[in-house]
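Novice: let's see this in three dimensions:
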Amino acid sequence: MRSTIGWDVGGAHLKAARAESGRVVDVIQLPCPLWLGLDRLSEALAAGRARLGDADIHAVTMTGELADVFPSRAAGVAAIVGLMSRALAPAALRIYGGRAGFLAPEATEGHADDIASANWHASAALVARSVPDALFADMGSTTTDLIPIVHGKMAVRGYSDAERLSCGELVYTGLTRSFVMALCSQVPFGGVWTPLACEYFASAADVYRVLGDLPEDADQLPTSDGREKTVEASCARLARMVGRDAADADAAAWRGLAAWVAEQQLRRIADAAMLVLSRAALAPSAPVVGAGTGRHVTARLAARLGRPYRDFSALSGLEAGPADWLGHCAPAAALALLAQDGGLLVR
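Specialist: The predicted model follows:
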């Protein structure tokens, strides 16, 4: 039985999926604050291997090269490839280079621009096999990818983070780690427009926790103030954003503030989606395929765009796995299946 494990090395989380005989059988996400040092990746990788076991082939994609522990993206790619190579030896290891295909670790030099932040490419490649016309929307903890798929191919304008940011295909906003001050500049509160403090007092996780919209286990990193992850504590953090204490208003007022911030985030994603759709020849019936911890937000995006919604976890090869985490960890799951195909382009 051929087995593969797909590893998605992010700057805040390590995600992994195990596939056997063309089906994903297990998925895991672990906190991995890479900005604190490579040792955090080593610890998360050890925990992931303890859960998923070994495999015939390990395949790796990443976005963690952007972490500011590295002096450059190329240095980050080299460091992550080196660590994964050492930790997973002697098993076969393939590095996902997106447009360059799968690469042997020793062949990655000179391919940093192909490897860096290519995890979206793996997910979209899998989606394109099952849904030839779609808008793939993956909202994770930190960012949202918007990938048009037309006639079974990615109809993207950008590839690198810089290119994708400039054309709307990458929106730097996510379900848990985005700072509230980055989602909007003012809120309606107490009948007046109130500017927000330009401080990391609260995160998007606080917003969705107050709204009762935060998936279980989605928020795996410490809060901005190091205090507990409760609705009451999240209200207190949100209150600081408008220079207040939670006791200054009732629960309905804080919920209203959270709803406004969530709406601003959705509008930002919808604006980018409309920009992307304005140049992609997608029929109105083409669905939004949603993935990531923010899949409930991408489902709302589909409704706002007037399009049907399909969940990533229902695609071929994914039905046997744990649905929630399959959707949360789309690049890892996609990579595990892509590496099973025997179509491994190894350079």
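Novice: show me where the stretch 51-200 of the chain has helices.
Specialist: Under the criterion DSSP state H, counting those that start in this stretch, the stretch 51-200 of the chain contains helices at 73-88, 112-115, 119-130, 161-167, 180-183.
Novice: in JSON lines, list these along with distance to residue 28 and mean pLDDT.
Specialist: (C-beta placed from N, C-alpha, C; glycine too.) Listed next are the helices of the stretch 51-200 of the chain as JSON lines, based on distance: least, CB to CB, whole Å; pLDDT from 0 to 100:
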{"stretch": "helix 73-88", "distance to residue 28": "16", "mean pLDDT": "97"}
{"stretch": "helix 112-115", "distance to residue 28": "22", "mean pLDDT": "97"}
{"stretch": "helix 119-130", "distance to residue 28": "16", "mean pLDDT": "96"}
{"stretch": "helix 161-167", "distance to residue 28": "25", "mean pLDDT": "97"}
{"stretch": "helix 180-183", "distance to residue 28": "29", "mean pLDDT": "97"}
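Novice: looking at these, which is buried most?
Specialist: helix 119-130 (a mean of 24; mean count of other CB atoms under 10 Å).
Novice: name the helices or strands packed onto that helix?
Specialist: Judged by 3 or more CB pairs under 8 Å, 6 or more residues apart in numbering; DSSP states H and E, helix 119-130 is in contact with strand 57-62, strand 92-96, strand 134-139, strand 144-150, strand 153-154, helix 330-338.
Novice: against which helices or strands is the first one packed?
Specialist: This means strand 57-62. Contacts defined by 3+ CB pairs under 8 Å, 6+ apart place strand 57-62 against strand 3-9, helix 73-88, strand 92-96, helix 119-130, helix 330-338.
Novice: quick one: mean pLDDT for it?
Specialist: For strand 57-62, the mean pLDDT works out to 97.
Novice: now for the chain, the helix or strand with the poorest mean pLDDT.
Specialist: Using mean pLDDT, DSSP states H and E, the weakest-scoring helix or strand in the chain turns out to be helix 323-328, at a mean of 79.
Novice: quick check, distance from that one to the centre of its chain.
Specialist: From the chain centre to the centre of helix 323-328 is a distance of 12 Å (CA atoms, centre = their mean, to the nearest Å).
Novice: identify all contacting residues around that helix.
Specialist: Identification of contacts with helix 323-328 by CB atoms under 8 Å, 6 or more residues apart in numbering yields 15, 17, 24, 27-29, 215, 218, 290-293, 295, 311-314, 318, 333.
Novice: give the contact list for the closest residue to residue 182 other than its chain neighbours.
Specialist: Nearest non-adjacent residue to residue 182, counting by CB to CB, 6 or more residues apart in numbering: residue 173, 7.2 Å away. Residue 173 makes contact with 143-144, 182-183, 204, 265, 268-269, according to CB under 8 Å, 6+ apart.
Novice: for those residues, which one is nearest residue 196?
Specialist: Set against residue 196, the nearest of these by CB to CB is residue 183 (8.8 Å).
Novice: surely the closest one meets residue 268?
Specialist: Yes: under the criterion of CB atoms under 8 Å, residue 183 makes contact with residue 268 at 7.5 Å.
Novice: ok, longest helix in this protein?
Specialist: Longest helix in the chain by number of residues, with DSSP state H as the criterion: helix 251-277.
Novice: of all the helices and strands packed on strand 57-62, which one is nearest residue 139?
Specialist: Of all the helices and strands packed on strand 57-62, helix 330-338 comes closest under CB to CB, at 10.3 Å.
Novice: helices and strands around the closest one, which ones?
Specialist: Using 3+ CB pairs under 8 Å, 6+ apart: helix 330-338 touches strand 3-9, strand 13-20, strand 23-31, strand 57-62, helix 119-130.
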